[in-house]
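Enquirer: what's the 3D shape of this:
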Amino acid sequence: MKNKLKVIDWQLLFIPVICILILCIFFVTNSLDSKRVLENVRFILSHHFNIYYMMIAIIFFGGSILLAFSKYGKVKLGTGTPEYSSIKWGMMIFTSTMSADIIFYSLCEWMMYFNESFIKDKSGNTLEWSLTYSLFHWGPIAWSFYILLAAAFGYMLYVTKNKKQKFSEACRPILKHRTDGIIGKLIDLIAIFSLIAATATTFSMSMPLLAASVGNILYINDQKALSLILILMVVGVYLVISILGMKAMSRLSVIAFSIFGLLLLYVFIFSNQVPFITNLGINSIGNLIVNFPQMTVITKVNSFTENWTIYYWSYWMVWCVATPFFIGSISKGRTLRNLIVGGYSWGLAGTYMAFIVLSGFGISRQSQNMINSVQLSKHGKSYANIIIQLLQTLPNYKFVLILLIFAMVGLYSTVFDSITMVVSKYSYKSLELEKEPSKTMRGFWAIVFMILPITLLFNNDSVYDIQSVAIIAAVPTGLVMLLIIGSFWKELRERYNTKR
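Expert: Residues are numbered from 1 along each chain as shown. Predicted coordinates:
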């Protein structure tokens, strides 16, 4: 027992927990003040430091493409053949990175964009531009954050064989001995706080849709209580999966991906809008390809950029603590090029399919004046209830809600499994790659991760306030991400340039 306690890094265990409890108490006891603080800090960061977020996005996207097609792309992560087949590997990547929020956003994000003056001022179809910007914010740049870091972490795990699976260890080539001091500890604390912010944002944004769907099936109106029960249920599913092990995780990934695919297929076919959705998707992708450079390199920042583009780059950055580690850990036996190209292929295919089908379905109902979703959102109706109203236009809509519920729970659970696996490793001073954190440690972090999202849900924080959490947390995370990539390139150059 004493030996088990000795290997735990108590500072990285207790400091985040204490800070979360203080933050939650502040949110609950000073609701108006906390909202004001979040809004003010967000405005300062997104208005005065927007170039910081945009430059990181450009560096990661450009860096991932450069790495894939450079001589380093042939570098193999470890020895032997890949542990997972390409199909199972791709499904695990998608389900471990895209939580249930992809279902929420793909059904309603176009409504959020439609009323923006920036979108309305665009020449052409406003609804088409709304989908184009969804594809942009969930597209190559979003996946580049995950993929480039996954390459760095995979290299660290299987080539340099680092035994400490932490953010700070990925910075060792530059920081050297400082990694073992206060700087390394600070980097790991930033990583944990970022992951807590990411989880809070995801659960707080999409949980109301899951609660509304279950409430519609079971005729329950108290969505707050239902949200709490559902959060506990997701934690319960995750705990069962974690006890059963990695094989159960890979099977759940396949099941979740399959249900998600069935949901998309049903909506696509039974919406009776196959030509409309197909044409809208093709036009929006074409629109994105043509305008991608100017959408990426923004010369004149506007309110839309501050409210949405900066938010999304921040959102993906704070999620970079867990998901790239997981992708890197399941990529043994693959080359860096295979990881990058395969990661983009699976990630973009699943993401774009979701947005084209589900957003296209909602836009078709708007275009035909069946349901004026934009007007309903303007009048204060919640996005979750608007989505339920849209789904009710489908035949056997209760069946659709059941698919949506199972898909969301499955996606929540797979993402939760990957993030608790990663953050639990931070709680150990050193952990062999082959060893997993104890079930107790993972269960502990599962409970900790639920504290902040429950607080935000019951505190009635707005979409804007919830998004602010990610934007603030992304500031220090971005600096660490740049340090990791700099260390990765340094390691590659030193190891392989000397072999000429």
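
Enquirer: who's in contact with N302?
Expert: Neighbouring residues of N302 by C-beta atoms under 8 Å, 6 or more residues apart in numbering: F118. For the C-beta atoms, the positions are set from N, CA and C on the backbone; glycine is no exception.

Enquirer: separation between it and F406?
Expert: 40 Å (C-beta to C-beta, to the nearest Å).

Enquirer: cool, and P437?
Expert: From P437 over to F406 the distance is 28 Å, taken as C-beta to C-beta.

Enquirer: which of these two has more neighbours?
Expert: Using other C-beta atoms under 10 Å, the more surrounded residue of P437 and F406 is P437, with 22 against 16.

Enquirer: need the three-state assignment for the more buried one.
Expert: coil (DSSP: H, G, I helix; E, B strand; the rest coil).

Enquirer: does it touch Y428 like I think?
Expert: Yes - counting by C-beta atoms under 8 Å, Y428 is a contact partner of P437 at 6.8 Å.

Enquirer: excluding chain neighbours, what is closest to R334?
Expert: Distance criterion C-beta to C-beta, 6 or more residues apart in numbering; nearest residue to R334, sequence neighbours excluded, is P82 at 5.3 Å.

Enquirer: before we move on, what about V274?
Expert: F268 (6.6 Å).

Enquirer: ok, and what's touching the host helix or strand of the one you found?
Expert: For F268, the enclosing helix or strand under DSSP states H and E is helix 246-270. Helix 246-270 is contacted from outside by 84, 88, 91-92, 94-96, 103, 240-242, 274, 277, 350, 353-354, 357-358, 361, 394-395, 399-400, 403-404, 406-407, 410-411, 413-414, 417-418, using C-beta under 8 Å, 6+ apart.

Enquirer: again, but for stretch 385-394
Expert: With C-beta under 8 Å, 6+ apart, stretch 385-394 has contacts from 104, 107-108, 111, 209, 212-213, 216, 266-267, 270-271, 361-362, 365, 370-371, 373, 376-377, 397, 400-401, 404.

Enquirer: same deal with stretch 220-234?
Expert: Applying C-beta under 8 Å, 6+ apart, the set of residues contacting stretch 220-234 from outside is 203, 207-208, 210-212, 214-215, 384, 409, 412-413, 416, 450, 453-454, 457-458.

Enquirer: among these, name the buried ones.
Expert: Buried members of the contacts of stretch 220-234, scored by 16 or more other C-beta atoms under 10 Å, are 203, 207-208, 210-212, 214-215, 384, 409, 412-413, 416, 450, 453-454, 457.

Enquirer: mind listing which of those are in helices?
Expert: The members of the buried ones among the contacts of stretch 220-234 that map onto helices under DSSP state H are 203, 207-208, 210-212, 214-215, 384, 409, 412-413, 416, 450, 453-454, 457.

Enquirer: pretty sure A322 contacts S424?
Expert: No - at 10.5 Å, A322 does not count as touching S424 under the criterion of C-beta under 8 Å.

Enquirer: coming back round to it: how many residues are close by the residue nearest to V274?
Expert: A count of neighbours around F268, defined by other C-beta under 10 Å, yields 18.

Enquirer: report the contact partners of V214.
Expert: I220, L226, L230, I405.

Enquirer: can you count the residues close to I65?
Expert: Look at I65: counted by other C-beta under 10 Å, it has 17 neighbours.

Enquirer: name the element it belongs to?
Expert: helix 50-68.

Enquirer: could I get the average pLDDT for that helix?
Expert: The pLDDT scores in helix 50-68 average 94.

Enquirer: buried stuff in that helix?
Expert: Going by neighbour count (16+ other C-beta under 10 Å), the buried part of helix 50-68 is 50, 52-54, 56-57, 59-61, 63-65, 67-68.

Enquirer: what helices or strands is that helix leaning on?
Expert: Here helix 50-68 touches helix 140-158, helix 274-296, helix 310-319, helix 336-354, helix 463-497, going by 3 or more C-beta pairs under 8 Å, 6 or more residues apart in numbering; DSSP states H and E.

Enquirer: S424 and F355, how far apart?
Expert: 32 Å.

Enquirer: also S99?
Expert: From S99 to F355 the distance is 15 Å (C-beta to C-beta).

Enquirer: now swap in A151 and tell me
Expert: The value you get for A151 to F355, if C-beta to C-beta is used, is 25 Å.

Enquirer: same question, R337
Expert: 27 Å.

Enquirer: T296 too?
Expert: For T296, the distance to F355 (C-beta to C-beta) stands at 18 Å.

Enquirer: who's more crowded, the two?
Expert: Higher neighbour count among T296 and F355: F355, with 24 against 17, using other C-beta under 10 Å.

Enquirer: mind checking which helix or strand the residue lying closest to the more buried one once chain neighbours are set aside is in?
Expert: Excluding the flanking residues, the one nearest F355 by C-beta to C-beta, 6+ apart is S106, at 4.6 Å. In the assignment (DSSP H and E), S106 maps to helix 101-114.

Enquirer: can you pull the buried residues of the helix or strand just after that helix?
Expert: Helices and strands here follow DSSP H and E; after helix 101-114, the next one along the chain is helix 117-120. For helix 117-120, burial by neighbour count (16+ other C-beta under 10 Å) applies to I119.

Enquirer: please apply the same query to stretch 146-166.
Expert: Quick answer for stretch 146-166 (16+ other C-beta under 10 Å): 146-159, 162, 164-166.

Enquirer: any stretches of the stretch 251-400 of the chain with poor pLDDT?
Expert: Low-confidence segments of the stretch 251-400 of the chain, defined by pLDDT under 70: 299.

Enquirer: what about P476, how many residues close to it?
Expert: 16.

Enquirer: you'd agree it is up against A191?
Expert: No - here P476 does not reach A191: they are 9.5 Å apart, not a contact under C-beta under 8 Å.

Enquirer: apart from its chain neighbours, what residue comes closest to A256?
Expert: Nearest one to A256, counting by C-beta to C-beta, 6+ apart, is G410 at 3.0 Å.

Enquirer: could you report the pLDDT at that neighbour?
Expert: Value for G410, per-residue pLDDT: 81.

Enquirer: also the one 3 residues further on?
Expert: On the pLDDT scale, S413 is placed at 75.
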